[in-house]
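Trainee: coordinates only, sequence not included:
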């Protein structure tokens, strides 16, 4: 039986936690004790907004980590959901001297303009830490930006579908509107051009106001309805009511993965930019839903989907959905995390 206790440090109360899958499935896989550590507060946009919000978040994470330092013992494992909690817990345990093992989740693709790289590097080179990224190419990017000699402490675990959302049985899809949305790295100009090219179609767009206005310098076409700074519940309602989801990206940076998975759960075809991180969510027979960074191909693929009759659309959407259901379950991801914990402990006991 595993002697180490696994603590899972999460950012929301237990009754409103969208990462509960991690707790549920690690409990099934790890033979020892698993202890979730929930925040007392719902870290909503209001809670986090502005400088005061940043201070609130840091103080709350500090409170969680301080409690965890005293509750844990030598040889225990802490899974930190956010990079912030990873860094604070690491500092409080004297940079690893207190001999806790750490799994640092959610290291997204690094920003080339990162100013504080040393704090990431300290975690990335510590042999008691394992850094989890959601796309394989992110590992090489972190190696380059942090100037690492190796990436042995990194592992790739894909995003998973939300078990609280049932996979919808697809029987019909009305050509009501086309949806696009996201918080970063979205090429809104592609969407505006597609809308201008297809005035008979309706487009619904969810964006951050600042991001959209920075990128789109002309008035949106009349057939585009834009929602700014939308709450997640309304966002996914709009996605679920659409005929097709578009996710054109600006760069090769990892983006849009949750939208791809959610589209599949809702039984909706999703067209997105062809980059390594997005392509892992599409089977070989559905690679035609991945589009290079060329405007004319976006229009061609849009036309192809719109020409599908009901039977052909459902067949395509079912194929897309089944691949996500089979390959990207929380159970599979949790097993991978536990495998990495075992490996982490074995490597340090040699």
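Mentor: Received it, and whenever you're ready, just let me know what you need. Computed from a prediction, not measured in an experiment: that's the story for all the values here.
Trainee: how far away is the residue nearest to residue 3 when sequence neighbours are not counted from residue 104?
Mentor: Computed as Cβ to Cβ, 6 or more residues apart in numbering, the closest residue to residue 3 that is not its neighbour in sequence is residue 32, at 6.2 Å. For glycine as for every other residue, the C-beta is placed from the backbone atoms N, C-alpha and C. As judged by Cβ to Cβ, to the nearest Å, residue 32 and residue 104 stand 20 Å apart.
Trainee: More neighbours: which of the two?
Mentor: A direct count of neighbours by other Cβ atoms under 10 Å for residue 32 and residue 104 places residue 104 higher, at 27 against 12.
Trainee: Quick check: nearest residue in space to the more buried one, chain neighbours excluded?
Mentor: Computed as Cβ to Cβ, 6+ apart, the closest residue to residue 104 that is not its neighbour in sequence is residue 86, at 3.9 Å.
Trainee: what about the one you found, which helix or strand?
Mentor: helix 83-92 (DSSP states H and E).
Trainee: Next secondary structure after that helix?
Mentor: Where DSSP H and E defines the elements, the next helix or strand beyond helix 83-92 is strand 101-104.
Trainee: Skip ahead from that next one and say which helix or strand is next.
Mentor: Using DSSP H and E, the next helix or strand after strand 101-104 towards the C-terminus is helix 118-125.
Trainee: For that following helix, name the packing helices and strands.
Mentor: If contacts are counted by 3 or more Cβ pairs under 8 Å, 6 or more residues apart in numbering; DSSP states H and E, helix 118-125 sits against helix 83-92, strand 129-133, helix 136-146.
Trainee: Show me which positions of it end up buried.
Mentor: By 16 or more other Cβ atoms under 10 Å, the buried positions in helix 118-125 come out as 120, 122-124.
Trainee: Report the inter-axis angle for it versus helix 83-92.
Mentor: Using axes from the mean of the first three to the mean of the last three Cα atoms, to 10 degrees, the direction of helix 118-125 lies 80 degrees away from that of helix 83-92.
Trainee: picking that back up, gap between the helix holding residue 86 and the chain center?
Mentor: 20 Å (Cα atoms, centre = their mean, to the nearest Å).
Trainee: Same check on stretch 61-68?
Mentor: The gap between where stretch 61-68 is centred and where its chain is centred comes out at 24 Å by Cα atoms, centre = their mean.
Trainee: rewinding a little: residue 123 versus the residue nearest to residue 104, what's the distance?
Mentor: Distance of residue 86 to residue 123, given as Cβ to Cβ: 6 Å.
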